[in-house]
Each structure stands twice: as C-alpha cells, then as structure tokens.
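In: A predicted structure for the sequence below; I have some questions about it.
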Amino acid sequence: MKKKNKKVNAAIIIIGNEILSGRTQDKNITFLSNWLNLNCGIIVEEVRIIPDVEKTIITNIKNLSKRFNYVFTTGGIGPTHDDITALSIAKAFKLKYLFHKEAYKILENYYGKKHFNDGRKKMAKMPFGSKLIYNPSSAAPGFITKNVLSLPGVPSILNSMIENCKRYLISGSKVHSQTINLFTVESNISKKLGAIQKKYKRFVEIGSYPFFRLGKIGVSIVCRSTSKNKLKQVNKDLLTLVKTKKIKIFHLN
C-alpha cells in the first residue's frame, strides 16, 4: 500500500440486472465498505446499483472517477454477452479494448488450450494499460484502469481477491466509531444532540438511529471520527446529556 494520506474516499458501483431485479442479494457493499475503512482508511461516500447497460456504466464511471479517489465496480467481467463492464470502462476513458497478454496467459494455463474457448478468452480483454488484480479462486483477474478497480460480482471470489487491491491504493486515516444505545425517543434528545454535533462538526459525524428491542423503543447514537481524542470528548458530552435527561443506557461500546 502506498503512503498514507489524511482523507481518501471511494465510491462503489454494483453492476448487474440480477441485483436490481431482486433475484440476487448484494453482499459486496458491506464487505467492501468495512474492508476499505478498517484496512486502508478509505471512506466509502457513495454507492450506486446500476444495470448492465453500456451507456449507464459509461456515464457513472465518468462521473464518479472525477469525484472520488477510487471507484470500485463489481460484476460484469465474466464470459457472457451481458458482461460488458470492461468494454464500457474502455469507452468511458477512450481506451482501446484489447487482450491483456498476462491475463490471457493466466487463463490459458488455467483452462488448458483445449478448453480455452471464446467466452473464457473474453475475460482476458480489458482497457489498454490496465493492471491486473490477481484472482486466487478462479484465475480470471480483475483489473484497475486509472482510479477504477473492477472486481467480480460473486462475493466469495471478490473476497479472495481483495488483498491484491492494496498495492494500488493510497491509505487514509482510519475512521473510528463508537455507539451508545439509549432507551429514549429521538425527539427527546434531538435539540441537545444537534448542539453537540454543531460543536464538533469539523471533527466528528454523529448519527441517530431508532431501534425497537425488548419491547422498548430506543435510539442508537453512532459517532465517527479519525480522531480518538475527539470521540472521547463527544462521548463525555453525550454521557452528560444522558445523565441530565435521566435516560437509561441499553449498551455502551
């Protein structure tokens, strides 16, 4: 991994009609977001789920690659007719769409010349100049084009490849999180909570999320920051609020 930078962000594009139709449940968003934050200090700030439509893929790649340090795509790099991610990325960056020599050799060795058919050869085609993200599970590599990292949609294969992305990433400052679960309603704490957020708005992000547990209504207060010290200060103010309002804490972590 490259030298650490203070703030590094990313977007995720989930590509696949099967996700939009509800036929397949996406598991990659949670995995990628957690992995990027915990292992690389990269914050995922936007996620999009789009169909296997060339024009749509091109538009989203152009837009997000300009706005974020990194864009991760999942899906659409397989052997079938609707796997058009690589071609679409090539068009988005106005690059030639060619066989990658190393990818071709990897796949030819994996399948053997006799079984290396046109569909399998297709997985070796990608935008010119792309670098490979090696695949220890099923050989077919992902690739990085400029700041766009393209991975398969199958979660188990993506998970096995993710460590091979590190060499291409600049790490950022890890975002730390703490949660206080309270037996109260949001309206009871909204004014004071807003004041605390205003006080630390440059350093800490505070979110409130209602829940229903053990037959009671509650609120989870989640605080995120790159500074552990600022989180401690916010936690102190939150506990003062809890004490003043005589609110019961369900769980503190």
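Out: Perfect, thanks for sending it. Numbers count the residues shown, from 1 in each chain.

In: tell me how far the helix or strand that contains residue 32 is from the chain's mean position?
Out: Element membership for residue 32, per DSSP states H and E: helix 28-35. Distance of helix 28-35 from the chain centroid (Cα atoms, centre = their mean, to the nearest Å) equals 5 Å.

In: could you dump it to PDB, C-alpha only?
Out: The C-alpha coordinates for helix 28-35 follow below in PDB (Å, rounded to 0.1, in the frame of the first residue of the first chain):
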ATOM      1  CA  ASN A  28     -20.400  -6.800  -1.600                       C
ATOM      2  CA  ILE A  29     -21.300  -3.300  -0.400                       C
ATOM      3  CA  THR A  30     -20.900  -4.100   3.300                       C
ATOM      4  CA  PHE A  31     -17.800  -6.200   2.800                       C
ATOM      5  CA  LEU A  32     -16.000  -3.600   0.600                       C
ATOM      6  CA  SER A  33     -17.000  -0.600   2.900                       C
ATOM      7  CA  ASN A  34     -15.800  -2.400   6.000                       C
ATOM      8  CA  TRP A  35     -12.600  -3.600   4.400                       C
END
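
In: helix or strand with the lowest mean pLDDT in this structure?
Out: Scoring the helices and strands of the chain by mean pLDDT, DSSP states H and E places strand 248-252 at the bottom, with a mean of 76.

In: which secondary structure elements does the helix holding residue 32 contact?
Out: Here helix 28-35 touches strand 8-15, strand 42-50, strand 70-74, helix 155-161, going by 3 or more Cβ pairs under 8 Å, 6 or more residues apart in numbering; DSSP states H and E. (Glycine included, C-beta is placed from N, CA and C.)

In: now do it against strand 42-50, angle only.
Out: Counting by axes from the mean of the first three to the mean of the last three Cα atoms, to 10 degrees, helix 28-35 lies at 170 degrees to strand 42-50.

In: got the buried residues for helix 28-35?
Out: For helix 28-35, burial by neighbour count (16 or more other Cβ atoms under 10 Å) applies to 28-29, 32-33, 35.

In: pull the most distant pair out of those.
Out: Across those, the longest distance by Cβ to Cβ is 11.0 Å; it joins 29 and 35.

In: which one of the helices and strands packed on helix 28-35 lies nearest to residue 236?
Out: Between residue 236 and those, the shortest gap by Cβ to Cβ is with strand 42-50, which sits at 24.9 Å.

In: follow-up on the earlier one: rounded mean pLDDT for the helix holding residue 32, please.
Out: In this model, helix 28-35 carries a mean pLDDT of 96.

In: and what of stretch 64-79?
Out: 97.

In: low-confidence stretches in the stretch 151-253 of the chain?
Out: For the stretch 151-253 of the chain, the stretches with pLDDT under 70 are 251-253.

In: show me where it has its strands.
Out: 176-183, 205-213, 216-225, 248-252 (DSSP state E, counting those that start in this stretch).

In: distance to residue 10 and mean neighbour count added to the ones you listed, as CSV?
Out: As requested, the strands of the stretch 151-253 of the chain are exported to CSV (distance: least, Cβ to Cβ, whole Å; neighbours: other Cβ atoms under 10 Å):
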stretch, distance to residue 10, mean neighbour count
strand 176-183, 17, 17
strand 205-213, 17, 13
strand 216-225, 16, 18
strand 248-252, 30, 13
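
In: need those in CSV (columns: distance to residue 39).
Out: Below are the strands of the stretch 151-253 of the chain laid out as CSV (distance: least, Cβ to Cβ, whole Å):
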stretch, distance to residue 39
strand 176-183, 14
strand 205-213, 20
strand 216-225, 17
strand 248-252, 26
